[in-house]
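S.K.: got a sequence here, can you build the structure:
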Amino acid sequence: MTTISDDEFINTLTSLMNRPVKALSDDHVYFHGPDPQIMMHVWHEDGFYFGGTSERSYNPGPEVRANDLIPVKQWLVMELFDFLRMSQHLDAIGIAFRRLSPAPSWSQNLETGELFYEGSPTGILTDDLSRAAANLPWFLNHSPERLLEIAHIESTQEACQALFGIPRVPFAKPTDRQE
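M.R.: This is a model prediction of the structure:
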């Protein structure tokens, strides 16, 4: 059985950014993000997979929860997309700290935080006020491996076309934010 600490994708992702993975256990790994004081965590607990961050601490706050590890990997790529591009000497597309407009066919139950695709629950939960709630659905449309390929596309317009289906970043407008 593959554990999180043995996951090939996570190890590949972190090696591309020269960020070694450290294991707190077989089911909890972390590595330093773009800001060395911020640690990115992936863990399995009570039957769920989580992705979250911490600042100089080993106790992360969960930003995404899923029944499967794949959405957490997609969240990791989302969080690291610009840094990954810059570490490969490519231009960032500018999404590191910005909210995106709602992705087509995706919504969120504001009471539970669960993301829905075409009206059906996905089992993926995010805080409804987080950037992950707005941005993650765009990344859920692609496999983690495809997201890495997209991150390596030299042209920012072509990378945006592959990721968003348009040749630019669909930044959110103030009216896009759900209250």
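S.K.: which strands or helices does the helix or strand hosting V72 pack on?
M.R.: V72 is located in helix 69-87, with elements delineated by DSSP states H and E. If contacts are counted by 3 or more Cβ pairs under 8 Å, 6 or more residues apart in numbering; DSSP states H and E, helix 69-87 sits against helix 8-16, strand 38-45, strand 48-55, strand 61-66, helix 131-140, helix 144-151. C-beta coordinates here come from the backbone N, C-alpha and C atoms, glycine included.
S.K.: low-scoring stretches of the chain, by residue?
M.R.: Scanning the chain for pLDDT under 70 picks out 1, 175-179.
S.K.: centre-most residue in it?
M.R.: Residue closest to the mean C-alpha point of the chain, counted by Cα atoms, centre = their mean, is W75 at 1.7 Å.
S.K.: re earlier: now the element after the helix holding V72, going C-ward?
M.R.: strand 106-108.
S.K.: roughly how far out does the helix or strand following that next one sit from the chain middle?
M.R.: Counting by DSSP H and E, the next helix or strand C-terminal to strand 106-108 is strand 114-117. Here strand 114-117 is found 15 Å from its chain centre; the criterion is Cα atoms, centre = their mean, to the nearest Å.
S.K.: tell me what strand 114-117 is packed against?
M.R.: Contact partners of strand 114-117 among helices and strands, from 3+ Cβ pairs under 8 Å, 6+ apart: strand 106-108, strand 120-126, helix 131-140.
S.K.: out of those, deepest packed?
M.R.: Mean neighbour count, computed with mean count of other Cβ atoms under 10 Å, is highest for helix 131-140 among the helices and strands packed on strand 114-117, reaching a mean of 23.
S.K.: for that one, which helices and strands make contact with it?
M.R.: Applying 3+ Cβ pairs under 8 Å, 6+ apart, we find helix 131-140 packed against strand 61-66, helix 69-87, strand 106-108, strand 114-117, strand 120-126, helix 156-164.
S.K.: mind redoing it with 6 Å?
M.R.: With contacts taken as 3 or more Cβ pairs under 6 Å, 6 or more residues apart in numbering; DSSP states H and E, helix 131-140 sits against helix 69-87.
S.K.: quick one: the helix it packs on to helix 156-164, angle?
M.R.: Orientation note: helix 69-87 sits at an angle of 170 degrees relative to helix 156-164 (axes from the mean of the first three to the mean of the last three Cα atoms, to 10 degrees).
S.K.: show residues contacting helix 69-87.
M.R.: With contacts defined as Cβ atoms under 6 Å, 6 or more residues apart in numbering, helix 69-87 is touched by 9, 17, 34, 42, 49, 51, 64, 66, 92, 96, 124, 135-136, 139-140, 144, 147, 151.
S.K.: so how far is it from its chain's centroid?
M.R.: For helix 69-87, the distance to the chain centre is 5 Å (Cα atoms, centre = their mean).
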